[in-house]
Every structure is written in C-alpha cells, then in structure tokens.
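[1] Let's see this in three dimensions:
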Amino acid sequence: MSTIMKISSRNLSGLQRRSLVKGGMAGILASGLAPTFARAEAKKLVFAHINAVPESAAVAFDWMAGEVKKRSNGELDMQFFGSTLLSKELDIMNAVKSGNIAMGSPAGAAATIFPEMGVFLVPYLVKSYDQAYKMFNGPIGDKMDKDFQQKYGVKTLCYFDYGFRHFWTNRKAIVEPKD
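    Numbers count the residues shown, from 1 in each chain. Okay, the predicted model is just below:
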C-alpha cells in the first residue's frame, strides 16, 4: 500500500518549501523533462584540405563551409582548415576514416589506396566539362563511390578537379606532345 502525503504551506516551513521546490526542479532537470529554452549546439564538421586559400580548391571549400552553415540555419558548423590541420592527403583520408575529422579532400591520394580512382587523374580523359560532369555524376561516379565505400569505408561526397587537361611532372617542362 502506498501513502500519499498532502503537502501544503500549513505543514511545511519556508525552508522546507524551498528545499522541496529545489529538489523537484533538480528531479525534473535530471529526468530530461525540462523544457529547452536554448537552441541545441550546432553539429561541428571539421573539413581538412592540404592547401590554404588562395589555392583554388581551398577557396571553394572555404566558401562551401560558409554556405553549409548559412543553408542549415546554423545547425551545421562546418569549419574548414586549409594547410593547417593535416599536411598529407593520406593523413586526411585516415583521419576521416577513423572519425577524427568529418570531411577531407584526398584528391590524388585516393588512388594510392584505391587505384581505380587513378583513372580520373589521366589528362585528356574527357573532352569537355559536360562530359566530365556526366561521368562523375552518372553510373561511373556512382560505381566508384560504392566500390570506395566497400573497400575503404568512406563515402565520396563529390568529385572536384583542377582541370582535365594538365600534367604534373618532376622532370622537365612539357611543351609539345613528344615531351
């Protein structure tokens, strides 16, 4: 059998009433039933890239971070770190995979652990940006993303480029086709 005690100002002193109110409020807060008056803290997304502004991709990623915050009405706080957080693309990939950062741009380093991505580094692979966008945003890009997720456990959010008609070399300048 349970007993219900009637609580009124007649059977409680001022000190006891304050203690009861404090205890009740503490119980409500502890139970998680208290109303929330403040907005929840924004979800922080750390985004790392090997280069800083004014490098073209860094400019785009910095802009994107601002847009994410604006378009999410502040619910997402993307913080872009160019050339300050991690200095190697493979380190960035591993930090994303381990959950230490939310996002990163591995660029060419993805091909070191997933050779199939290397095809996107081939100069003159596509004839135009339209063709490239169809490739990246179509079945080929979808398959690469699916295979990359299965092999490495990380989702590809987008593909970006520095241009589709460039060569990188450490030997000599490329001036004509025979070079």
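
[2] what element comes up after the helix or strand bottoming out on mean pLDDT in the chain heading to the C-terminus?
    Sorting the helices and strands of the chain by mean pLDDT, DSSP states H and E puts helix 14-31 at the bottom, at a mean of 53. Later in the chain than helix 14-31, the nearest helix or strand by DSSP states H and E is strand 43-49.

[3] which secondary structure elements does that following strand contact?
    helix 56-71, strand 76-82, helix 89-98, strand 103-104 (3 or more Cβ pairs under 8 Å, 6 or more residues apart in numbering; DSSP states H and E). C-beta: built from backbone N, CA, C; applies to glycine.

[4] List the buried residues of it.
    Applying a neighbour-count criterion of 16 or more other Cβ atoms under 10 Å, one finds 45-49 buried in strand 43-49.

[5] Closest one to residue 116 out of the residues you listed, please.
    residue 49 (22.4 Å; Cβ to Cβ).

[6] Please report the distance of that closest one from residue 141.
    Taking Cβ to Cβ, to the nearest Å as the criterion, residue 49 is separated from residue 141 by 20 Å.

[7] Domain-wise, how is the protein divided?
    37-105, 107-179 (automatic domain parsing).

[8] most neighbours per residue, which of these?
    domain 37-105 (a mean of 16; mean count of other Cβ atoms under 10 Å).

[9] That domain: how far from the chain's middle?
    Its chain's C-alpha centre and that of domain 37-105 lie 6 Å apart, by Cα atoms, centre = their mean, to the nearest Å.

[10] Just the element for the spatially closest residue to residue 46 that is not a sequence neighbour, please.
    Of all residues not flanking residue 46 in the chain, residue 101 sits nearest, at 4.3 Å (Cβ to Cβ, 6 or more residues apart in numbering). Using DSSP H and E, residue 101 sits within no helix or strand.

[11] and the gap between residue 66 and residue 78?
    For residue 66, the distance to residue 78 - Cβ to Cβ - is 8 Å.

[12] any weak-confidence spans in this structure?
    The chain contains residues with pLDDT under 70 at 1-39, 85-87, 167-168.

[13] make it 50
    1-12, 28, 31, 34 (pLDDT under 50).

[14] residue contacts, residue 97?
    Residue 97 makes contacts with 152-154, as judged by Cβ atoms under 8 Å, 6 or more residues apart in numbering.

[15] Next, format those as a markdown table and append distance to residue 109.
    Output for those, formatted as a markdown table (distance: Cβ to Cβ, whole Å):
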| residue | distance to residue 109 |
| --- | --- |
| 152 | 11 |
| 153 | 16 |
| 154 | 12 |
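
[16] Among the residues you listed, pick out the one closest to residue 83, please.
    Closest to residue 83, out of all of the contacts of residue 97 and judged by Cβ to Cβ, is residue 154, at 21.2 Å.

[17] Great, nothing more from me.
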